[in-house]
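>>> sequence and predicted structure, then a few things I'm wondering about:
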Amino acid sequence: MKSYQFVFYVFLFSLTNVHSKFTSNISVRISKGYDDYTYRQSVLLRFGFGSSVWSTIDSVDLNSLKLTGQCIQSLKTVNQSIGLGEHWPFKLIESSGRAPSDLTGSGYLDIGNYDQCLGLSWTRNNQSESGKHCLVSVNPVESTEQSDDYHLFTRDKVIFHKAGFSIKIGFCLPSSCSSDDIHTLVQKGLESYSWKVIAVDSCQVKQSISDKLIELPIGSKISVSILGSFVGLSMICSLIVLMFPKNQIGWIKCFRLRLIGKPHFRHQLKITDFDTFSSPKLSCTSVY
């Protein structure tokens, strides 16, 4: 076993044990009637929001969470790849957000490492997969018994999700996990800290330009097609003007690209030789 694998396993074992210890301590404090809410918040800030999700993945039966089969298999692949000494799982785990800076003040957002998450890709069992970055809105659960503690994170900021004002954390997980899977994982990871998921706002995976065009709404596709047609026509007309400067149809000049060195160059479209028995002739003249 390589040295970095050994160090990671020791770290993962220690993290799981410490997380379990804190969880058991929470139960003890509850049984003794202590104010456990602030204690749980200190635990969450020490380990981070992203860590709470991965601790849940390692400690809970994923089938009981009713995740999709592909997502469960991908999460198992992450742990298997760690055992094989691959590096990408480390980058996947560390790409999730930890906690917004100044969370107890005016801090709203920690997206994690967005670019690193989308840049990850791997292949296992002849199946290719990549990282998916999801921005999730979360809020502490308000309790009438602990309203003062609840306002620890909200008293200095506006919280109104419909207007976009909510605490947002970026989570990096395998692309086969759906938005519902991620909602369930984050909710399960945060429930012991008295936090809740408001919504999975957006999820992004690395896409090619063609993939992005395919997913555009029909209206956007029509607009892009029209714009592309005009650009193509302008390029063709400009090429014809350069290749055949003396033999040109009048309307071709109207669609050629402007010369860079002549910023005041403009076209005027004129209709000439018009009568009731013939179609109008178009001509394009240059005016400086």
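In hand now; what should we look at?

>>> give the other helices and strands that the helix or strand hosting Ser238 contacts.
Using DSSP states H and E, Ser238 falls within helix 218-243. Contacts defined by 3 or more C-beta pairs under 8 Å, 6 or more residues apart in numbering; DSSP states H and E place helix 218-243 against helix 250-254. (Glycine included, C-beta is placed from N, CA and C.)

>>> pLDDT averaged over the helix it packs on - what is it?
Mean pLDDT, helix 250-254: 65.

>>> and what of stretch 187-207?
92.

>>> so which bits of that stretch are buried?
187-190, 192-195, 197-198, 200, 203, 205-206 (16 or more other C-beta atoms under 10 Å).

>>> buried residues in the helix holding Ser238?
For helix 218-243, by 16+ other C-beta under 10 Å, it's Cys237, Ser238, Ile240.

>>> report the buried residues of stretch 159-171.
Across stretch 159-171, burial judged by 16+ other C-beta under 10 Å covers Ile159, Ser166, Ile167, Lys168, Ile169, Gly170, Phe171.

>>> so the residue lying closest to the second one once chain neighbours are set aside, which state does it fall into?
So that's Ser166. In space, and not counting its chain neighbours, Ser166 is closest to Ser137: 4.1 Å by C-beta to C-beta, 6 or more residues apart in numbering. Three-state assignment for Ser137 (DSSP: H, G, I helix; E, B strand; the rest coil): strand.

>>> bridging residues for Ser137?
Taking DSSP bridges as the rule, Ser137 bridges to Lys168, Ala199.

>>> TSV for the buried residues of helix 218-243, including pLDDT?
As requested, those are exported to TSV (pLDDT from 0 to 100):
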residue	pLDDT
Cys237	76
Ser238	76
Ile240	76
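
>>> and of the residues you listed, the nearest to Phe153?
Taking C-beta to C-beta as the measure, Phe153 lies nearest Ser238 of those, at 59.2 Å.

>>> show me where the stretch 151-288 of the chain has its helices.
Listed in chain order, the helices of the stretch 151-288 of the chain (DSSP state H, counting those that start in this stretch) span 179-190, 209-214, 218-243, 250-254.

>>> same list, those helices, but as JSON lines with distance to Phe90 please.
Shown next, in JSON lines, are the helices of the stretch 151-288 of the chain (distance: least, C-beta to C-beta, whole Å):
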{"stretch": "helix 179-190", "distance to Phe90": "19"}
{"stretch": "helix 209-214", "distance to Phe90": "27"}
{"stretch": "helix 218-243", "distance to Phe90": "38"}
{"stretch": "helix 250-254", "distance to Phe90": "59"}
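
>>> if we can go back for a sec, turn the buried residues of stretch 187-207 into TSV, including distance to Asn79.
TSV is the format used below for these (distance: C-beta to C-beta, whole Å):
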residue	distance to Asn79
Gln187	21
Lys188	17
Gly189	16
Leu190	21
Ser192	22
Tyr193	23
Ser194	28
Trp195	25
Val197	24
Ile198	29
Val200	23
Cys203	22
Val205	21
Lys206	23
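
>>> which pair of the residues you listed spans the longest distance?
Pairwise over the buried residues of stretch 187-207, using C-beta to C-beta, the maximum falls at Ser194 and Lys206, 34.9 Å.

>>> can you tell me how far Trp88 is from Cys117?
Distance, Trp88 to Cys117, using C-beta to C-beta, to the nearest Å: 11 Å.

>>> more crowded one of these two?
Using other C-beta atoms under 10 Å as the criterion, Trp88 and Cys117 rank with Cys117 on top: 26 against 16.
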